[in-house]
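Visitor: Here is my input; please provide its structure:
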Amino acid sequence: MVGCANAVKRVQIDVHYLFDPFPGWEEVIQRMRAVASKWRVVGLKVAMHPYGHQGGGHDVDMGKYMDNIAGVVRALTALMPDVRRMGCQGSDRSQAASLICGFLAWRYADQLRWFDSNHRITVPPGCQFTRLRLVSLSYDLATDYQIPQMAAGELVDVMLMDGPSNHSWASFSADSDSRVIEFTNLKGLLAVYRTTHLENEVAVRHRDGHPWKLQFPRLESLNIQCGENICPLLEYAVLPSHMESIQIQLRSATYQDHTNLVLPATKRLILGITGESEGDPSGLPVINRFFESARGSESLELHINDRMLPVVPDSITCTALTHLLVAARTSVDTMLAFIERLPNLTELTLYTLDLSDTQADISVPGADEDTVVEPLHTWLESLTIEYDISIHSPDTATAVVKYMLLRIPTLFRLVSRMTPEGLVLSFVEQYAPRYPHLRGVEMELCRGDLPEYAMLG
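Guide: Below you'll find the model as predicted:
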């Protein structure tokens, strides 16, 4: 391969095995040695995939395999000494995978700029990632996982996935006695907390003696998704006066713990209630107050993902809302009330639209009649309506879709994936001469046959 030295910049290694992963690693290393002089690798992705089981090494004493692990790590780092980006993306959650990936990362600790792992890694004591700028780590739903030490001041983007909300922030602090950590250059922070529901709030928040104080002077984007009963990060964070976007998804009751939270000015604010809220509406008044204090934002979005929490128009008091998503059952009358009472709404998504017992007259005049449907006073551009096809017939859904198409002249996009496309498109062709805006609506409808359990007729 003449003339292609330094051509290979990134390498992906996938090791598939039944019980013992090390013969596979030996084969990989042997093949790499044959071509190693042809490249200068800066990006490495490692994936381990056990056949028919998930690692199987959780209850195995790994002490006898440490020489194998050390040999694999030494060989790889010798063949690829210049790695700056590393990812661990395999399906194997075993101790072997954790140790191989962790020790490999440790050997690159002084030079890695980017590290991404979708499972826990085990690094030797004292390992510090001093130059990491972008990091994505999964706790793998473990509550006792201590993430590796890294320099908070170097980080630009951090993603912490599937961990407990009460995790220690000590890994980002060079001073073990300090409770103040400054993320000087951090621009983006994503924290997804999904483990058990933690009950002892005071003990959890202060188990290190004092609350943390996390300073984010340059943070532009904050995304917190927490399905637990507490979210200490919202208590600890010191945010800048202005940000690009803030997205917070909490259990409804958890909002009650943060009634005094002051959110900075932001271009886009998304507040949501998670599906674990079990029909509890207590968070809605707090959310309304947050939205009222953020009226200067370009986009205010409310996402209610709890299918047990019905939402009525009176429960949403911020008329500046621009986006609304509701997962729970919603009537057609409520849908119309949302549109009428929220004049700034540009996007409405209703995942469980109830098409029965509609009080509003949703009849559509004939195409040749002189009567024109009065438009709604709205700026709505996107409407998504889904319904239970085992309860409501396609004909009923089509009637609602036709009615909404005529009454919203500002509409650019309509999504109703279980509504037959043919019936709607023929309607558009027939009515477009009198309602020209219909030709500009992009539609996502059902193109094929509906499922067998769909209600017919």
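Visitor: drop to CA atoms for contacts and neighbour counts, all remaining ones
Guide: OK.
Visitor: max-length strand in this protein?
Guide: Longest strand in the chain, counting residues (DSSP state E): strand 39-50.
Visitor: per-residue confidence averaged over it?
Guide: For strand 39-50, mean pLDDT is 89.
Visitor: Sheet-wise, list the partners of it with their directions.
Guide: Looking at strand 39-50 with DSSP bridges, its partner strands are strand 8-17 (parallel), strand 85-88 (parallel).
Visitor: Could you list the residues in contact with the very next helix or strand once past the first one?
Guide: Sequence-wise, the next helix or strand downstream of strand 8-17 (DSSP states H and E) is helix 22-35. When contacts are defined by Cα atoms under 8 Å, 6 or more residues apart in numbering, helix 22-35 is touched by residues 13, 15-17, 68, 72, 75-76, 79.
Visitor: Nearest to Thr266 among those?
Guide: Ile13 (41.5 Å; Cα to Cα).
Visitor: mind listing what the closest one touches?
Guide: Per Cα under 8 Å, 6+ apart, neighbours of Ile13: 28, 44-47.
Visitor: That one and Leu112: what is the separation?
Guide: According to Cα to Cα, to the nearest Å, Ile13 and Leu112 sit 18 Å apart.
Visitor: Let me know the angle separating the longest strand of the chain from helix 22-35.
Guide: 160 degrees (axes from the mean of the first three to the mean of the last three Cα atoms, to 10 degrees).
Visitor: Would you quantify the distance from Asn260 to Phe290?
Guide: From Asn260 to Phe290 the distance is 10 Å (Cα to Cα).
Visitor: Over to His119?
Guide: 35 Å.
Visitor: Hmm, Leu222 and Leu190 touching each other?
Guide: Yes. Using Cα atoms under 8 Å, Leu190 is in contact with Leu222, at 6.1 Å.
Visitor: Tell me, how many residues neighbour Ile408?
Guide: 23 (other Cα atoms under 10 Å).
Visitor: Please apply the same query to Ser138.
Guide: 20.
Visitor: Was I right to think it contacts Pro148?
Guide: No. Using Cα under 8 Å, Ser138 is not in contact with Pro148; the gap is 11.6 Å.
Visitor: which regions of the stretch 351-457 of the chain lie under the pLDDT threshold?
Guide: 449-457 (pLDDT under 70).
Visitor: how about the helices in it?
Guide: 394-407, 421-431 (DSSP state H, counting those that start in this stretch).
Visitor: quick one: contacts for Leu376?
Guide: The neighbourhood of Leu376, defined by Cα under 8 Å, 6+ apart, consists of 339-340, 407-408.
Visitor: Tell me how far it lies from Leu411.
Guide: 11 Å.
Visitor: And Tyr403, by the same measure?
Guide: On the measure of Cα to Cα, Tyr403 and Leu411 end up 12 Å apart.
Visitor: What's the local residue count around the closest residue in space to Asp280 that isn't next to it in sequence?
Guide: Using Cα to Cα, 6 or more residues apart in numbering and skipping the chain neighbours, the partner closest in space to Asp280 is Ser252 (6.1 Å). By other Cα under 10 Å, 27 other residues sit near Ser252.
Visitor: For the contacts of Leu376, pick the one with the most neighbours.
Guide: Busiest of those [other Cα under 10 Å] is Ile408, holding 23 neighbours.
Visitor: returning to what we had before: any chance of the contacts of helix 22-35 in a markdown table, plus pLDDT and distance to Asp175?
Guide: Formatted as a markdown table, the contacts of helix 22-35 follow (pLDDT from 0 to 100; distance: Cα to Cα, whole Å):
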| residue | pLDDT | distance to Asp175 |
| --- | --- | --- |
| Ile13 | 91 | 37 |
| Val15 | 88 | 39 |
| His16 | 86 | 41 |
| Tyr17 | 83 | 42 |
| Asn68 | 89 | 35 |
| Val72 | 92 | 34 |
| Ala75 | 94 | 34 |
| Leu76 | 94 | 33 |
| Leu79 | 93 | 35 |
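Visitor: Can you name the next helix or strand after the helix or strand of the chain with the lowest mean pLDDT?
Guide: One helix or strand of the chain scores below all others by mean pLDDT, DSSP states H and E: helix 201-205, with a mean of 36. Once the chain leaves helix 201-205, the next helix or strand it forms, by DSSP H and E, is strand 213-215.
Visitor: Show the average pLDDT along that next one.
Guide: Mean predicted lDDT for strand 213-215 stands at 94.
Visitor: Which other helices and strands does that strand contact?
Guide: In terms of contacts (3 or more Cα pairs under 8 Å, 6 or more residues apart in numbering; DSSP states H and E), strand 213-215 is packed against strand 180-182, strand 237-238.
Visitor: In this structure Leu348 contacts Trp379, no?
Guide: No. Assessed by Cα under 8 Å, Leu348 is found out of contact with Trp379, at 10.9 Å.
Visitor: More neighbours: those two, which one.
Guide: The neighbour count for Leu348 versus Trp379, taken as other Cα under 10 Å, is higher for Leu348 (23 against 18).
Visitor: Quick check on the more buried one: phi, psi?
Guide: Main-chain dihedrals, Leu348, degrees, to the nearest 10: phi -130, psi 130.
Visitor: And it, how far from Gly296?
Guide: 21 Å.
Visitor: ok, back up a step: measure the residue nearest to Asp280 to Gly448 for me?
Guide: Taking Cα to Cα, one finds Ser252 at 39 Å from Gly448.
Visitor: one step back: and His119 and Phe290? which has more neighbours close in?
Guide: Taking other Cα under 10 Å, His119 and Phe290 do not tie; His119 has more neighbours (23 against 19).
Visitor: pLDDT score assigned to Tyr139?
Guide: According to the model, Tyr139 scores 82 on pLDDT.
Visitor: and it, how many neighbours?
Guide: 25.
Visitor: what's the answer for Thr419, then?
Guide: 27.
Visitor: How much space separates it from Gly448?
Guide: 10 Å.
Visitor: what's the answer for Ile273, then?
Guide: 34 Å.
Visitor: For burial, what's the neighbour tally of His303?
Guide: When neighbours are defined as other Cα under 10 Å, His303 has 18 of them.
Visitor: Check the gap between it and Ala327 for me.
Guide: 8 Å.
Visitor: one step back: including distance to Val415, could the contacts of Leu376 go into a markdown table?
Guide: Listed next are those as a markdown table, based on distance: Cα to Cα, whole Å:
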| residue | distance to Val415 |
| --- | --- |
| Ile339 | 16 |
| Glu340 | 20 |
| Arg407 | 16 |
| Ile408 | 14 |
